[in-house]
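S.K.: The following block contains a protein sequence and its predicted model.
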Amino acid sequence: MNSPKLSTFTGVFTPNILTIIGVIIFLRSGFVVGNAGLLSALLILVLCHVVSVITTFSLASIATNMSEVKGGGIYYLISRSIGVGHGGAIGIILYLAQTISVSMYIIGFCEVIVSLFPGLVEFQKLLGLITLGVLFIPAYKGADIASKVQVYILAALGLSLLVFFVSSIIQFDQGIFLSNLQPAYLPGISFGLMFALFFPAVTGFTQGVSLSGVLKTPQKSIMIGTFLAVFAGFIVYFIAIILLAGTASREQLLTDYYVMQTISFIPAMIILGVFASTISSGLGSFMGAPHILQAFSKDKILPFIEFFAVGSKKTGEPKRAVIMTFIIAAIAIIVADLNSIAPVITMFFLISYGMMNYSTFIESYSKNPSFRPSFKYNHWIVSLIGVVVIVVVMLIIDVVSAVVAFLILFGLNNYLSRSKTKKQFKDSRTGYYFQKIKEYMIKLQSQPIEMKNWRPQILLLTGKPKDRIDLIKFGKTIEASKGTISLLWVLRNYEGNPLRAKFKAEKELLDYTKNEEIKTLGDVVVADNYLEGLKVIVQTYGFQGFRPNTLLLGWSDKEGKEREDYLEIIRFANMYGKNIAIFDGSMDFLLDSSKTSVVDVWWRGEANGALMLMLAHLLVHGNKIKNAKLRLMRSVDDKLKINQAEEELEDLLVSSRIDAEVCVVLDTEEVCCSISTYSKDADVVFLGLSFGEDGSDFLKQYNPYRESFKSIVLVKSSDKLKLEE
């Protein structure tokens, strides 16, 4: 396959400059100068080019950081920088924007024709379709043919501008020039409106990037060609604005859209320039759009567009995509009412520029060693400024269209990020997250631990995850997206190479969390000595300021050495400042919304009670479980103490801002029997955990509760948690 290879001039500079020097310079520059005045018009020009220059810097940085730049232009650059979600979304909306832009340029061309030949007004749509058909030929033939056509169009455009410049210089009048310095806005016109009107003039500077796949040296050509086009465009517009201010009266500027034709010694040359600018812009979009469609079709970001990934056998040109582009553009021409969608299309272009700056910001700010662009003259602050400026520009142009564009981008990004058909690329946001997490964790290390900011940071000893489904569900439920949960699998019994066994277990753990859609951290540790391995983990897992504060385990019925190790790690973890939570039971009650779920917390004091009540609150209210009731239980041995106990618990709930029902019971029997009696129908029961003093098996005393309750949670607190804070 011998793909055509374009030079910097034909592949980047020419399509860029032809789109930049568009119809705005011929038909609207005078109107902007007439309203805003020369000084404000130059300010608008500079502000518009701030966007294009900053984005060009970002474009050069991203392009020269890649060993290879394939087809798709901005789509390719963004998707390989910050992932398929943003890249794919930009690819789709940029393709549609460029495709419908073809229609817009053709409609503009036809309107000029009709203004010259009013008799053709009834055939305007037919004329548009014929023009589209003419542009289809070079676009279908290939980028090399289309680029050659564009060179001739560029020559015609340059000749028309030269005629205007010479005519204006000869007629330049200092008095007229001075009278046009200050603004003279027509009613309802403002600086913002003039900015919005003029800004599309600079939106063509990335047109050549779409042809990245057919450039001889894409990294070099994209950088040099884009910079030259932006610079040349600025110079042309700067000269045109100066000359318009010095040769046309204020009235002419405000009322005559064809003022350049009026000034020119050869008016027909200005008409030629208008034709050239509209046709060239249309052809530029017709060339670029199919390459974008082909690029994201090859990446299979959508399940139904792979048909357009196929190129021609000889050159690989996106002929199928060209036909699709022709069809969409033809439909838009037939509909012909583009006024309502034109602002949204402009927003799409702006969003693509914003995402380019965002990509460079992420790459640079993350300080990723792999980000080594050959283009050294950029900084993440500049790229960030570019993002902010573009957002402001979008809001200035049209708030509603900006919001619509953002919503479309968000929706597409969300869909593509979740789609199972998406293709994975390098995502530099990982480096950004790494950098930010590192900074935040360093800050956390110096912050004192405050119970007011207490969050459940759970270290869950899971073992084989499929064997501990209810335990993991319980852990995730009491974490309630308020803290963190880390699943830790200590691997003791394995076959063969320990490293290979670790990798296999890590994959199993990761697959489980993905399939169950559980957002957790996770790790697998190989430890031949189970107890000593756990002791090290309890002390070292995490980082200062970001370590688990609660060890969550399932109930163990093991005997002998394993039982002793189990009890020892509970004591050890509590001695080293970890809260202990032992869960035994089922979480099936979460699935049954037809009945009222009851969660009981037996209060004996703040030592364990504060943590129990907090975890129970997170279990019920943090997950907004339907038809759930939290009861704060307490037993007293004297009927006269009931009212006082109720008042104390009510005050506690008010001050702690926890919604629960107070239930104080008279304990006329043994405590065990009393608790079992009143909570026998509860779905989950929280009890305080006591180690005892003789060092024996302290869990045996809780066996009667296991037999009485559906689910039980034993809690031993180390944190001095204050519910009132």
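M.R.: Now that the structure is in, tell me what you want to look at. Just so you know, these numbers come straight off a predicted model, no measurement behind them.
S.K.: where does stretch 456-476 sit relative to the chain's centre, distance-wise?
M.R.: 30 Å (CA atoms, centre = their mean, to the nearest Å).
S.K.: Same check on stretch 503-514?
M.R.: 26 Å.
S.K.: tally of neighbours for N529?
M.R.: 11 (other CB atoms under 10 Å). (Each C-beta comes from the backbone N, C-alpha and C, glycine too.)
S.K.: what's the spacing between it and R500?
M.R.: Distance of N529 to R500, computed by CB to CB, to the nearest Å: 20 Å.
S.K.: ditto for F238
M.R.: Taking CB to CB, one finds F238 at 66 Å from R500.
S.K.: neighbour-wise, which of these two wins?
M.R.: Looking at F238 and R500 with other CB under 10 Å, you find the greater number of neighbours at F238, namely 15 against 11.
S.K.: I'd say the more buried one and I44 touch.
M.R.: No: look at F238 against I44 with CB atoms under 8 Å: they stay out of range, at 11.5 Å.
S.K.: Using the three-state scheme, assign P548.
M.R.: Following DSSP: H, G, I helix; E, B strand; the rest coil, the label given to P548 is coil.
S.K.: Excluding chain neighbours, what is closest to it?
M.R.: Leaving aside its sequence neighbours, P548 sits nearest to L459 (CB to CB, 6 or more residues apart in numbering; 3.6 Å).
S.K.: name the element that neighbour belongs to?
M.R.: Element membership for L459 (DSSP states H and E) is strand 457-461.
S.K.: okay, I235: pLDDT?
M.R.: For I235, the model assigns a pLDDT of 95.
S.K.: how close does it get to L161?
M.R.: 11 Å.
S.K.: can you confirm E506 is in a helix?
M.R.: Yes: under three-state DSSP, E506 sits within a helix.
S.K.: For the closest residue to it other than its chain neighbours, give me phi and psi.
M.R.: Leaving aside its chain neighbours, E506 sits nearest to V524 (4.8 Å; criterion: CB to CB, 6+ apart). Here is the backbone geometry of V524 (degrees, to the nearest 10): phi -120, psi 130.
S.K.: quick one, what contacts V524?
M.R.: Listed by CB atoms under 8 Å, 6 or more residues apart in numbering, the contact partners of V524 are L488, W489, V490, L491, K502, A505, E506, L509.
S.K.: Could you say which helix or strand holds the third one?
M.R.: Secondary structure assigned from DSSP H and E places V490 in strand 484-491.
S.K.: starting at the chain centroid, how far to stretch 193-209?
M.R.: 25 Å.
S.K.: Please apply the same query to stretch 516-533.
M.R.: The answer for stretch 516-533 is 31 Å, by CA atoms, centre = their mean.
S.K.: How about stretch 502-516?
M.R.: 26 Å.
S.K.: and if you look at stretch 287-297?
M.R.: With CA atoms, centre = their mean, you get 22 Å for stretch 287-297.
S.K.: which other helices and strands contact the strand holding V490?
M.R.: strand 457-461, helix 469-479, helix 498-515, strand 521-526, helix 530-540 (3 or more CB pairs under 8 Å, 6 or more residues apart in numbering; DSSP states H and E).
S.K.: cutoff 10 Å now
M.R.: Counting contacts by 3 or more CB pairs under 10 Å, 6 or more residues apart in numbering; DSSP states H and E, strand 484-491 packs against strand 457-461, helix 469-479, helix 498-515, strand 521-526, helix 530-540, strand 550-554.
S.K.: Those: which one's closest to L618?
M.R.: helix 469-479 (5.1 Å; CB to CB).
S.K.: Looking at the contacts of V524, which one is closest to I169?
M.R.: E506 (73.4 Å).
S.K.: Tell me the helix or strand right after the helix or strand harbouring D651.
M.R.: Using DSSP H and E, D651 sits within helix 642-656. Heading C-terminal from helix 642-656, the first helix or strand you meet, by DSSP H and E, is strand 661-666.
S.K.: In its sheet, which strands sit next to that next one, and in what direction?
M.R.: strand 628-636 (parallel) (DSSP bridges).
S.K.: With just CA atoms, put the partner strand into PDB.
M.R.: Provided in PDB are the C-alpha atoms of strand 628-636 (Å, rounded to 0.1, in the frame of the first residue of the first chain):
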ATOM      1  CA  ALA A 628     -34.400   0.100  57.200                       C
ATOM      2  CA  LYS A 629     -34.600   0.900  60.900                       C
ATOM      3  CA  LEU A 630     -31.700   1.500  63.200                       C
ATOM      4  CA  ARG A 631     -32.300   0.800  66.900                       C
ATOM      5  CA  LEU A 632     -30.100   2.000  69.700                       C
ATOM      6  CA  MET A 633     -30.600  -0.700  72.500                       C
ATOM      7  CA  ARG A 634     -29.700  -0.600  76.100                       C
ATOM      8  CA  SER A 635     -30.500  -2.800  79.100                       C
ATOM      9  CA  VAL A 636     -30.900  -1.600  82.700                       C
END
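S.K.: That strand versus helix 642-656: what angle between them?
M.R.: Between the axes of strand 628-636 and helix 642-656, defined by axes from the mean of the first three to the mean of the last three CA atoms, to 10 degrees, the angle is 140 degrees.
S.K.: 54 is where my numbering starts, stick with that
M.R.: I'll keep to 54 as the first residue from here, and by that count the last item is strand 681-689.
S.K.: pLDDT wise, what is I443 at?
M.R.: 90.
S.K.: if I've got this straight, it is in a strand?
M.R.: No: under three-state DSSP, I443 sits outside any strand and is assigned helix.
S.K.: Quick check, it in contact with A458.
M.R.: No: counting by CB atoms under 10 Å, I443 sits too far from A458 to count as a contact (11.3 Å).
S.K.: Pull up the overlap in contacts between those two.
M.R.: L403, I404 (CB atoms under 10 Å, 6 or more residues apart in numbering).
S.K.: in this protein, what secondary structure element scores lowest on mean pLDDT?
M.R.: The helix or strand of the chain with the poorest confidence is helix 482-498; it has a mean of 67 (mean pLDDT, DSSP states H and E).
S.K.: rewinding a little: please name the residues that touch the residue nearest to P601.
M.R.: 528, 537-541, 574, 576, 590-591, 594-595, 600-606, 626, 631.
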